[in-house]
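Colleague: next comes the sequence, and after it the predicted model I'd like to discuss.
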Amino acid sequence: MGLKADELNVGDSYSEVIVEDLTRTQIVQYAGASGDYNPVHSDEKFVTEVAGYPTVFAHGMLTMGMTGRMLTNYVGDGRLTYYGVRFVNQVWPGDTLTARAEVSEVREEDGQTLIDLTISTTNQDEKFVLTGNATARVD
Amino acid sequence: MGLKADELNVGDSYSEVIVEDLTRTQIVQYAGASGDYNPVHSDEKFVTEVAGYPTVFAHGMLTMGMTGRMLTNYVGDGRLTYYGVRFVNQVWPGDTLTARAEVSEVREEDGQTLIDLTISTTNQDEKFVLTGNATARVD
Amino acid sequence: MAVERFPVEASHILMFARSIGDSNPIYSDESHAGSTEVGSIIAPPTFAQASAQFDPDYFLRPKDGQKWFGSGGTASGTLVKDEDKDDSKSDDEKSGSSAGGLHAEQHFTYHRHLKPGDVLSAETKPGESWEKESKRAGVLKFSESITEYRDQTGELVVTARSVGVVTEKVIEQ
Amino acid sequence: MAVERFPVEASHILMFARSIGDSNPIYSDESHAGSTEVGSIIAPPTFAQASAQFDPDYFLRPKDGQKWFGSGGTASGTLVKDEDKDDSKSDDEKSGSSAGGLHAEQHFTYHRHLKPGDVLSAETKPGESWEKESKRAGVLKFSESITEYRDQTGELVVTARSVGVVTEKVIEQ
């Protein structure tokens, strides 16, 4: 089921807590599933002693994936036609992230009704970690 | 291709270096593939501050898996009928492991020729990390 | 453990073989595998253990809506109250579980080798349990479990015997 | 990057969805998925990125017989000579690569959503590249790449645009 165009207005929004107290284990799970084994995400010794960071941090794509859950929960399964983001700050173990989508346009294209969404994901300090846009088919 | 019974003698042996300078990343890969996400294997903060170990260590099953490579390289693919091990010491990042199999018996059972093998895997300090046994069909 | 449905798939076998450093093409290359005595891709000998991925209750995987015992903002997820999430470490935290002990033994009996397309089910029954004294680790409590892996026709394909041990003290080798 | 064969399989989708904390049954439960508008299990929107698993040359995965740049006995695998493996850290080691920069942007255009049974191929072409000055990180070098994912019939299913950035200085947030 998708959203209904006649019940949608520019400015409508939806948000979800997409992770609470992010664990190092979830970052390891993402490495294993995605195939991105960059040691900055799971190798404390490398990341602190060689790469020069205070600890391991999440893959940008993990944050994009978790933010995608908020999106599909809002627009419905299989409805996205576009999803794009910028990674604007790093995500660390212990972070609690909230993802938000806001309707920026409702439009017709090729006989389909589409909505454009502005997306942002913030951490517990209200700092943006990800910003982006998406487009979805609605009913 | 299996081993040939008429070319085998009790005491014959085979060995392989199964890993050189084990990386934390390989342990993460094993966690992701096997589904065993115990943080003692990939979460430096947990393992040092809560579990009380000096650093993360390998899954016993990773050592068994790597030792299995030596075995199948020796006896051939799809030839094992039994493979069992004890985990006798922990395996740490940086370890270099050598796995060895020795023929302990050549015998007939149900019209098949089988060999029994004694297995051991040692680290760079010549300390056993794994001991075990296997049985394989031979030609 | 009871796993109702453990589908053996080629991409999972590839990732598993890679993680144990085994680049034998029997685990990844269909056309090579087809030309061997075995006749198809098979899984490495210890692959059955990856059934954990398909056990909904597996305790060594974080689960939706449940607190995980590994670290997040603090060293242990289990021992920090929600109203008290900060970076200080107390002695209490240090008493945290290290997940119920270590793996002492693992045995597999192969009736046949696993291959892509198998859809297995697995049932685990407790075996023996026993205790030992050790100078290094105090009282050791061993317990055994037996898992039977059957394919979609009900045929027994792998029998696994696992022995776990819980130690009184941490063993550092 | 060129990926010749990226088989989309249900167990991989399950693990991927789990890793992003998404327990939506559309990603794992065939009978639920069959009853929805979508009609089958699909992959989460960012799953195409997992094509890395099937790229034989992917640089962020250890490869057989090659030294990996993450830690083993020492903090960096790249910078330690074989004859000189010990636990001391030199300044040289600290200059080790952190794997060619960070991911700055990622965009997906969906022509249709991926599902089990798809066997994709992917071809990547370089896009634009540009530089920016930043007080926090020095000179930033951006470069874009475009990946087209096609299914076994040659149909374009997902187009991905990725932007990477290499910074002069480490950014700690």
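Modeller: Sure, I can see it.

Colleague: burial check on A:G94, number of neighbours?
Modeller: Other residues within reach of A:G94 by the criterion other Cβ atoms under 10 Å in any protein chain shown amount to 22. (Each C-beta comes from the backbone N, C-alpha and C, glycine too.)

Colleague: for chain A, which residue gets nearest to chain C?
Modeller: Residue nearest to chain C within chain A: A:G94 (2.5 Å; Cβ to the nearest Cβ).

Colleague: chain D contacts on chain C?
Modeller: C:7, C:9-12, C:14-15, C:18, C:21, C:23, C:53-54, C:61, C:64 (Cβ under 8 Å from any Cβ of the partner chain).

Colleague: tell me which two of the residues you listed sit farthest apart.
Modeller: C:S23 and C:D64 (34.9 Å; Cβ to Cβ).

Colleague: who has more neighbours out of these two?
Modeller: Under the criterion of other Cβ under 10 Å, the comparison of C:S23 against C:D64 puts C:S23 first, with 13 against 8.

Colleague: mind checking the SS state of the more buried one?
Modeller: Taken by DSSP: H, G, I helix; E, B strand; the rest coil, the conformation at C:S23 corresponds to coil.

Colleague: would you mind finding the longest helix in chain A?
Modeller: Criterion DSSP state H: the longest helix present in chain A is helix A:60-75.

Colleague: give me the nearest residue to the residue of chain A most remote from its centre, chain neighbours excluded.
Modeller: Among the residues of chain A, the one whose C-alpha is farthest from the average of all C-alpha positions is A:E49, by Cα atoms, centre = their mean at 29.4 Å. Closest residue to A:E49 in three dimensions, ignoring its sequence neighbours and counting by Cβ to Cβ, 6 or more residues apart in numbering or on different chains: D:A75, at 3.8 Å.

Colleague: quick one: strands adjacent to the strand or helix carrying C:E148?
Modeller: For C:E148, the enclosing helix or strand under DSSP states H and E is strand C:138-150. Partner strands for strand C:138-150, per DSSP bridges, with pairing direction: strand C:119-134 (antiparallel), strand C:156-167 (antiparallel).

Colleague: which of those strands sits most buried?
Modeller: When neighbours are counted by mean count of other Cβ atoms under 10 Å in any protein chain shown, the highest per-stretch mean among these falls to strand C:156-167, a mean of 18.

Colleague: so where's chain C shaky on pLDDT?
Modeller: Applying pLDDT under 70 to chain C flags the ranges C:1, C:78-100, C:170-173.

Colleague: what packs against whichever helix in chain C runs longest?
Modeller: Within chain C, and with DSSP H defining each element, the longest helix by residue count is helix C:10-19. Using 3 or more Cβ pairs under 8 Å, 6 or more residues apart in numbering or on different chains; DSSP states H and E as the contact criterion, the secondary-structure elements in contact with helix C:10-19 are helix B:24-34, helix B:60-75, helix D:10-19.

Colleague: what's near enough to touch the spatially most central residue of chain A?
Modeller: Note on chain A: the residue nearest the mean C-alpha position is A:T67, at 2.2 Å, using Cα atoms, centre = their mean. Residues in contact with A:T67 (Cβ atoms under 8 Å, 6 or more residues apart in numbering or on different chains) are A:I18, A:V85, A:L97, A:A99, A:I119, A:T121, A:L130, A:G132.

Colleague: one step back: from the helices and strands packed on helix C:10-19, which stretch is densest packed?
Modeller: Of these, the one with the most neighbours on average (mean count of other Cβ under 10 Å) is helix B:24-34, at a mean of 27.

Colleague: which helix or strand lies directly C-terminal to that one?
Modeller: Taking DSSP H and E as the definition, the helix or strand that follows helix B:24-34 towards the C-terminus is helix B:44-49.

Colleague: chain center to that following helix, what's the gap?
Modeller: Between the mean C-alpha location of helix B:44-49 and the chain-wide mean there is a distance of 26 Å, by Cα atoms, centre = their mean, to the nearest Å.

Colleague: check stretch A:99-111 too.
Modeller: Going by Cα atoms, centre = their mean, the spacing between the C-alpha centre of stretch A:99-111 and its chain's C-alpha centre is 17 Å.

Colleague: if I read this right, A:V138 contacts A:E7, doesn't it?
Modeller: No. Taking Cβ atoms under 8 Å as the definition, A:V138 is not a contact partner of A:E7, at 9.2 Å.

Colleague: the more surrounded of the two?
Modeller: Set side by side, A:V138 and A:E7 give different neighbour counts by other Cβ under 10 Å, the larger being at A:V138 (19 against 9).

Colleague: any idea how far C:T109 is from the more buried one?
Modeller: 56 Å (Cβ to Cβ, to the nearest Å).

Colleague: quick one: the strand holding C:E148 to chain centroid distance?
Modeller: When C-alpha coordinates are averaged (Cα atoms, centre = their mean), strand C:138-150 and its chain have centres 12 Å apart.

Colleague: how about it: buried residues?
Modeller: Within strand C:138-150, the residues that count as buried by 16 or more other Cβ atoms under 10 Å in any protein chain shown are C:L140, C:F142, C:S143, C:E144, C:S145, C:T147, C:E148, C:Y149, C:R150.

Colleague: neighbouring contacts of it?
Modeller: C:1, C:6, C:48, C:51, C:101, C:104, C:114, C:120-134, C:156-169.

Colleague: ok, stretch A:103-116 next?
Modeller: Counting by Cβ under 8 Å, 6+ apart, the neighbours of stretch A:103-116 from elsewhere in the structure are A:3, A:5, A:8-13, A:75, A:81, A:117-118, A:133-139.

Colleague: mind giving me the ChimeraX select for these, buried ones only?
Modeller: For anyone working in ChimeraX, the buried entries among the contacts of stretch A:103-116, judged by 16+ other Cβ under 10 Å, can be selected with:
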select /A:3,5,12,75,81,117,133,134,135,136,137,138
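
Colleague: in chain A, what residue lies closest to chain B?
Modeller: Residue of chain A nearest chain B, by Cβ to the nearest Cβ: A:G32 (1.5 Å).

Colleague: from chain D, how far out is A:D43?
Modeller: Shown here: A:D43 relative to chain D, a distance of 5 Å by Cβ to the nearest Cβ, to the nearest Å.

Colleague: could you do C:P45 as well?
Modeller: Counting by Cβ to the nearest Cβ, the separation of C:P45 from chain D is 19 Å.

Colleague: and that residue, what element?
Modeller: Counting by DSSP H and E, C:P45 is found in no helix or strand.

Colleague: show me the contacts for the spatially closest residue to it that is not a sequence neighbour.
Modeller: Residue nearest to C:P45 in three dimensions, not counting chain neighbours: B:G68, with 4.4 Å by Cβ to Cβ, 6+ apart. With contacts defined as Cβ under 8 Å, 6+ apart, B:G68 is in contact with B:Y83, C:I20, C:D22, C:P44, C:P45, C:T46.

Colleague: most widely separated two among those?
Modeller: The distance between the two most remote of the contacts of B:G68 (Cβ to Cβ) is 13.9 Å, for B:Y83 and C:D22.
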